[in-house]
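**Student:** when you get a sec, could you give me coordinates for this:
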Amino acid sequence: MPVYKDRDQGTYYVSFHYEDWTGKNVRKMKRGFKTKKEAANWEDHFKEEISGAAYTIS
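**Tutor:** Numbering: from 1, shown residues only. Have a look, this model is predicted:
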């Protein structure tokens, strides 16, 4: 799980790519999590949501 620390802000963020239903490669990034666990949980929830649709996570 790609969770990174933003050293300037002191927060965590997630960044990953997935393929949408049209075949386009999309980068998803969300910033501002106070803990690494919170960021990882958000990423898991997002991937669960799109796994039901026609997306491919890379």
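**Student:** for Ala39, which residues are in contact?
**Tutor:** 3, 12-14, 30, 33 (C-beta atoms under 8 Å, 6 or more residues apart in numbering). Heads up, the C-betas are built off the backbone N, CA and C, glycines and all.
**Student:** same question for the one helix or strand it maps to, mean pLDDT?
**Tutor:** Secondary-structure element containing Ala39, defined by DSSP states H and E: helix 36-51. Across helix 36-51, the average pLDDT comes to 91.
**Student:** output that helix as CSV, nothing but the C-alphas.
**Tutor:** Output of helix 36-51 as CSV, limited to C-alpha atoms (Å, rounded to 0.1, in the frame of the first residue of the first chain):
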residue,chain,number,x,y,z
LYS,A,36,-0.6,6.3,8.4
LYS,A,37,-3.3,3.9,9.4
GLU,A,38,-6.0,6.4,8.5
ALA,A,39,-4.5,6.9,5.0
ALA,A,40,-4.2,3.1,4.5
ASN,A,41,-7.8,2.6,5.6
TRP,A,42,-9.0,5.2,3.1
GLU,A,43,-7.0,3.6,0.3
ASP,A,44,-8.5,0.2,1.1
HIS,A,45,-12.0,1.6,1.2
PHE,A,46,-11.5,3.4,-2.2
LYS,A,47,-10.1,0.2,-3.8
GLU,A,48,-13.1,-1.8,-2.5
GLU,A,49,-15.5,0.7,-4.0
ILE,A,50,-13.9,0.6,-7.4
SER,A,51,-13.4,-3.2,-7.4
